[in-house]
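Undergrad: Sequence first, then the predicted structure:
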Amino acid sequence: MGMKRKLLIRDLTLRDGQQSLFATRMNQNQVDRVLPLFKEANFYAMEVWGGAVPDSIMRFLNENPWDRLEKIKAAIGDSSKLTALSRGRNLFGYNPYPDSVIEGFNRNAIHSGIDIMRIFDALNDVNNMKSTINFVKKNGGIADCTICYTVDPKFTSKQVIKELLHFKKLPHNIFTIDYFVAKAKEMEALGADMISVKDMAGLIPPNKSGELISRLKKELKIPIDFHTHCTPGYGLAAVLMAILSGVDIVDTSISTFAGGPAAPAFEIIQIFADKLGLDTGVNLSAVVEINKLLKEIRLEMDEFDSYKLFPIEFDITKDKLPPEVDKMFDLAIEYAKAKKENELLQQVHSIEAYFNYPAPDEMVKNAEIPGGMYTNMLSQLKQLKLDQLLPRVLELVPVVRVAAGCPPLVTPTSQIVGVQAVNCVIDEDKNLPLYTTKSIQFVNLVKGSYGKTPIPIDPDFRMKIAGVSEEIPYDTSNYKKQENTVFSEYGDLKLAENEKDELLLELFPSVARDFLKKRVVQRYLNDIYAIEEEKRKKLEEEKANYMSLSPEEKEKRLHYGLYNYGFSSKN
């Protein structure tokens with residue numbers, strides 16, 4: 001027997017898993033409970049930071065993001081690589097940051113425990129990733145460069161006739177396999193250590209996933225990682241195809257934090273790996289124990305759990321699948337190898353139903369947009385009591401997207417396009433011309449502030465939206481640093497005590513300001529308590545000293561007024 005082929009696993013439970021399913025509400029205590037077991041689990045990597053984690057834990061849990069990362073590193077040590085997600089030059093905001101902030105962020109992230117920085121850009125503009133790649137590598141980190149998978153806009157036949165009047169010709173074949181492979185090669189040339197295919201909306205069908213991974217494996221020399229979500233129902237089948245096509249690493253979540261809007265379950269991927277004779281190197285008994293704890297933690301986060309649908313109890317170390325379910329796995333592999341996409345999807349959906357995961361979301365699948373973008377647009381309309389306009393909004397999404405240069409639909413561009421489509425429909429509803437109402441972010445996107453869009457924007461449209469016809473790249477030379485307030489009312493304490501605090505302030509201005517202000521008040525109160533405590537101790541000591549004196553000594557001290565603590569000489 002030769003060596004088994006390795007299939008490395010990046011576990012997403014503590015970042016993407018809880019973010020996709022429970023609004024990133026795991027607190028430090030809950031994270032701490034699973035860490036000793038994760039240390040035993042031996043995943044290749046664990047995604048634990050970046051994304052919504054820093055913002056959410058300051059905003060909702062009053063916790064320090066740097067502490068979260070450092071505590072995880074202290075517990076995990078070198079047993080798994082820790083990974084974070086970063087948006088290249090935009091980091092966590094919309095606007096590009098100057099190099100000083102990008103450098104500070106990446107250096108501190110790596111020093112605090114990050115091994116792999118997953119770098120993506122919402123426009124797939126590789127230029128926006130250059131500085132991050134350099135700073136990550138200079139500080140000894142691994143640069144994991146990401147292509148954001150997306151699909152061409154989809155128009156109805158009615159729209160094609162209507163819209164053809166606007167556009168010279170409707171764009172198609174933008175996001176081809178060639179497009180993604182070319183992006184990956186550009187990243188490899190810039191020093192990427194690995195490439196991730198990030199399918200944030202779960203839109204890649206299995207055959208496409210197989211084709212893309214095969215091409216990347218053939219044309220690049222560095223490892224390839226595949227990341228997807230299950231919302232539209234392609235996720236598990238797409239991962240299986242990626243594995244059969246030679247992918248090096250796949251992203252999964254542990255069962256209770258998997259499925260639906262999250263990634264496929266590790267346990268199901270492990271069953272496929274076993275059947276294919278692949279070695280994940282993961283300690284399965286540790287995973288079983290982690291999953292038990294995750295179930296308790298999920299119940300504690302009940303108010304943020306929109307599905308309340310728990311996967312079946314399944315102990316991967318000893319439970320056997322019923323023969324008919326086992327057969328589904330075999331058939332799925334058979335159909336995947338034969339590239340019979342519909343039959344493959346049918347088997348995979350039966351497997352997910354057996355494990356009790358949410359069914360594919362047909363609405364999101366047909367709209368071909370990320371689940372989060374869909375729910376945001378719906379809640380925006382609901383607030384205005386206009387939810388009956390949703391079908392029209394969905395019709396306008398591709399129109400707005402093409403007009404804005406066809407950005408991939410990933411945070412933040414998915415939200416910018418979604419909000420603008422809603423604005424357009426509200427304008428239309430009030431009999432105003434489209435784009436009467438436009439967000440500052442949409443204006444900046446069209447202007448060129450966020451970087452190069454996949455297709456050029458029509459100069460007349462740019463003029464209409466942004467008041468300029470030429471693309472204007474963002475200029476960081478007039479960037480203003482956030483003010484580090486000094487609070488005279490709290491003993492002249494500063495808002496940010498050190499570089500890490502200052503970075504929080506730069507990256508999350510309003511959220512970090514509130515969080516750090518609370519900490520200033522707490523520090524000030526702690527100082528006052530400490531001073532009071534010091535005084536109290538001193539008094540106690542002096543009282544004790546006095547008590548140990550002879551009656552004559554006491555008398556003498558009182559006589560000379562050395563003690564004036566209301567002790568009478570009778571004490």
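TA: Yep, that arrived.

Undergrad: Identify the residues contacting residue 61.
TA: Residues near residue 61 by Cβ atoms under 8 Å, 6 or more residues apart in numbering: 25, 27-28. Heads up, the C-betas are built off the backbone N, CA and C, glycines and all.

Undergrad: Export these as a markdown table, with columns for pLDDT and secondary structure.
TA: A markdown table is the format used below for those (pLDDT from 0 to 100; DSSP: H, G, I helix; E, B strand; the rest coil):
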| residue | pLDDT | secondary structure |
| --- | --- | --- |
| 25 | 95 | coil |
| 27 | 97 | coil |
| 28 | 97 | helix |
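
Undergrad: which of these are buried?
TA: Using 16 or more other Cβ atoms under 10 Å as the burial test, those include 25, 27 as buried.

Undergrad: any chance of the contacts of residue 61 in a markdown table, plus distance to residue 369?
TA: Below are the contacts of residue 61 laid out as a markdown table (distance: Cβ to Cβ, whole Å):
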| residue | distance to residue 369 |
| --- | --- |
| 25 | 25 |
| 27 | 31 |
| 28 | 34 |
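
Undergrad: which one of the contacts of residue 61 is nearest residue 149?
TA: Minimum separation from residue 149 among the contacts of residue 61 (Cβ to Cβ) is found for residue 25, which lies at 27.6 Å.

Undergrad: gap between the nearest residue to the closest one once chain neighbours are set aside and residue 310?
TA: Nearest non-adjacent residue to residue 25, counting by Cβ to Cβ, 6 or more residues apart in numbering: residue 304, 4.9 Å away. Going from residue 304 to residue 310 by Cβ to Cβ, to the nearest Å gives 15 Å.

Undergrad: Please name every helix or strand in contact with the helix or strand hosting residue 421.
TA: Assigned by DSSP states H and E, residue 421 belongs to helix 413-429. If contacts are counted by 3 or more Cβ pairs under 8 Å, 6 or more residues apart in numbering; DSSP states H and E, helix 413-429 sits against helix 371-383, helix 390-403, helix 440-447.

Undergrad: lowest-confidence stretch among those helices?
TA: Lowest mean pLDDT within the helices and strands packed on helix 413-429: helix 371-383, a mean of 86.

Undergrad: List the residues that contact residue 280.
TA: Counting by Cβ under 8 Å, 6+ apart, residue 280 has contacts 6-9, 269-270, 273.

Undergrad: Check those for burial and list the buried ones.
TA: 7-9, 269-270, 273.

Undergrad: now the helix or strand harbouring residue 328: how far from the chain's centre is it?
TA: If you go by DSSP H and E, residue 328 is part of helix 323-337. Chain-centre distance of helix 323-337: 32 Å, with Cα atoms, centre = their mean, to the nearest Å.

Undergrad: What are the buried residues along that helix?
TA: Neighbour-count burial for helix 323-337, counted by 16+ other Cβ under 10 Å, picks out 328-329, 331-333, 335-336.

Undergrad: can you check stretch 148-159 too?
TA: 148-153, 155, 159.

Undergrad: could you dump stretch 177-197 to PDB, C-alpha only?
TA: As requested, the backbone C-alpha atoms of stretch 177-197 are provided in PDB (Å, rounded to 0.1, in the frame of the first residue of the first chain):
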ATOM      1  CA  ILE A 177     -13.200  29.600 -15.800                       C
ATOM      2  CA  ASP A 178     -10.500  31.500 -17.800                       C
ATOM      3  CA  TYR A 179     -11.300  34.700 -15.800                       C
ATOM      4  CA  PHE A 180     -10.700  33.000 -12.500                       C
ATOM      5  CA  VAL A 181      -7.600  31.100 -13.600                       C
ATOM      6  CA  ALA A 182      -6.100  34.400 -14.900                       C
ATOM      7  CA  LYS A 183      -6.800  36.100 -11.500                       C
ATOM      8  CA  ALA A 184      -5.200  33.200  -9.600                       C
ATOM      9  CA  LYS A 185      -2.100  33.300 -11.800                       C
ATOM     10  CA  GLU A 186      -1.700  37.100 -11.200                       C
ATOM     11  CA  MET A 187      -1.900  36.300  -7.400                       C
ATOM     12  CA  GLU A 188       0.700  33.500  -7.700                       C
ATOM     13  CA  ALA A 189       3.000  35.900  -9.500                       C
ATOM     14  CA  LEU A 190       2.700  38.400  -6.700                       C
ATOM     15  CA  GLY A 191       3.800  35.800  -4.100                       C
ATOM     16  CA  ALA A 192       0.600  34.100  -3.000                       C
ATOM     17  CA  ASP A 193       1.500  31.000  -0.900                       C
ATOM     18  CA  MET A 194      -1.900  29.400  -1.700                       C
ATOM     19  CA  ILE A 195      -5.100  30.200  -3.600                       C
ATOM     20  CA  SER A 196      -8.600  29.900  -2.100                       C
ATOM     21  CA  VAL A 197     -11.700  29.700  -4.300                       C
END
